[in-house]
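Enquirer: How does the following fold in three dimensions:
(chains A, B, C and D)
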Number of protein chains: 2
Amino acid sequence: MTDIKSGTNPLFLRTDEIMQAIELLFFAYRDFTGEPDELLAEYNFGRAHHRVIHFVGRHPGITVSELLLILRITKQSLSRVLGQLVREGFIRQTPGPVDRRQRLLKLTAKGQELDDKLFEVQRQRIVRAYKESGAEAVAGFRSVLLNMMEENDRQRFSR
Amino acid sequence: MTDIKSGTNPLFLRTDEIMQAIELLFFAYRDFTGEPDELLAEYNFGRAHHRVIHFVGRHPGITVSELLLILRITKQSLSRVLGQLVREGFIRQTPGPVDRRQRLLKLTAKGQELDDKLFEVQRQRIVRAYKESGAEAVAGFRSVLLNMMEENDRQRFSR
DNA sequence: ATTTTATGTCAGTCATGTTGACTTATCTAT
DNA sequence: ATAGATAAGTCAACATGACTGACATAAAAT
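Expert: Numbers count the residues shown, from 1 in each chain, chains lettered A, B, ... in the order given. Sure, this is the predicted structure:
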């Protein structure tokens, strides 16, 4: 049961390797979100706004409940940031053509502009890391992260 | 300048690949922190407590200012969670033997026990992801995350 | 003796999450 | 046609974890 104690444990599964993985994720995620956070602060927005802009940008016409499923937060939490984004003209809501209870979400030109800016700072960091690591490493990076997330979300990445 | 428009752009640097990287990090990090968060909630602790327990566990005798440098938060923020952990007997503070202004931090047996529990849930997720991806993928994963973080923190991982 | 450093504390604010209760409009099924 | 379910929104209260700014104490360094 405890791989830790069995001598046959492959190197990459040893305790200190796992410990390093935990810290790698902590430091990389902290820096990955740091630059966008600075940019968002200029708009008096936070990371929650970023996530909404990102997923609406990626899925134009997404409904509120679909967005809630992705973000895994309550509608009250979403309501606050989404309300701000709509009031300030970053996101537009249109009634669903089939089901008129739905509010389909889309970025406005202003919202798209912010989305582009946010993407650009993250793109630069990722491109640098990808270039320095090479195509093969990138495939490994993708595989490990995919296997680390809950199974039902992995489908988003199948092609 | 814009690699996006040049046709010579390698596959793994294309816009949609970078976009996927952003989402991979979001979903993987969300699930990576989800289980520890549930465990911590039983103690009325949050993610901030986890980080303190983790880094004190990894660096017994660390000083408050060293911890602040790693976490990149203010001492007032640290003070609240550290104070709780000390009052509730998870961390012990001892005056520095050389510089008596310092408070060297160590986990108590109780703190070590929680650290072990937290490590175990994260270990299981990482081991699963590592096993399913293989040793080569793990090397790529490490490389990309290392190159994604700020340079001065990379030294922690050099061996 | 003075200044700097390590740590801690008080007070107030902000962003982002939570629970619970309730409303309105609209769709679905009997 | 009506009853119930669903999509979305709102009000209120609360917790966590970040922030700024001001100030206090003890010990080290100059």
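
Enquirer: Up against DNA strand C, what does chain A have?
Expert: A:44-49, A:51, A:72-74, A:76-77, A:80-81, A:98-101 (CB under 7 Å from any atom of the strand). (C-beta placed from N, C-alpha, C; glycine too.)

Enquirer: For ChimeraX, write the selection for the buried entries among those.
Expert: To isolate the buried members of the residues of chain A next to DNA strand C in ChimeraX, using 16 or more other CB atoms under 10 Å in any protein chain shown:
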select /A:45,48,49,51,81
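
Enquirer: Looking at the residues of chain A next to DNA strand C, which are in helices?
Expert: Counting by DSSP state H, the part of the residues of chain A next to DNA strand C found in helices is A:47-49, A:51, A:76-77, A:80-81.

Enquirer: is the host helix or strand of A:Val144 up against chain B anywhere?
Expert: According to DSSP states H and E, A:Val144 maps onto helix A:135-148. Yes - residues of helix A:135-148 contacting chain B under CB under 8 Å from any CB of the partner chain: A:135-148.

Enquirer: got the residue ranges for the strands in chain A?
Expert: All strands of chain A, identified by DSSP state E, fall at A:91-95, A:103-107.

Enquirer: and A:Lys106, what does it touch?
Expert: A:56, A:60-61, A:91-92, A:94 (CB atoms under 8 Å, 6 or more residues apart in numbering or on different chains).

Enquirer: hang on, the earlier thing: nearest to DNA strand D, of the strands of chain A?
Expert: DNA strand D lies closest to strand A:103-107 among the strands of chain A, at 4.2 Å (CB to the nearest atom of the strand).

Enquirer: average pLDDT across the closest one?
Expert: The average pLDDT for strand A:103-107 rounds to 98.

Enquirer: can I get the CA coordinates of it in PDB?
Expert: What follows is strand A:103-107 as a C-alpha-only set of coordinates in PDB (Å, rounded to 0.1, in the frame of the first residue of the first chain):
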ATOM      1  CA  ARG A 103     -29.200  35.200 -20.400                       C
ATOM      2  CA  LEU A 104     -26.600  34.500 -23.000                       C
ATOM      3  CA  LEU A 105     -23.300  36.200 -22.200                       C
ATOM      4  CA  LYS A 106     -20.900  37.800 -24.700                       C
ATOM      5  CA  LEU A 107     -17.900  40.100 -24.500                       C
END
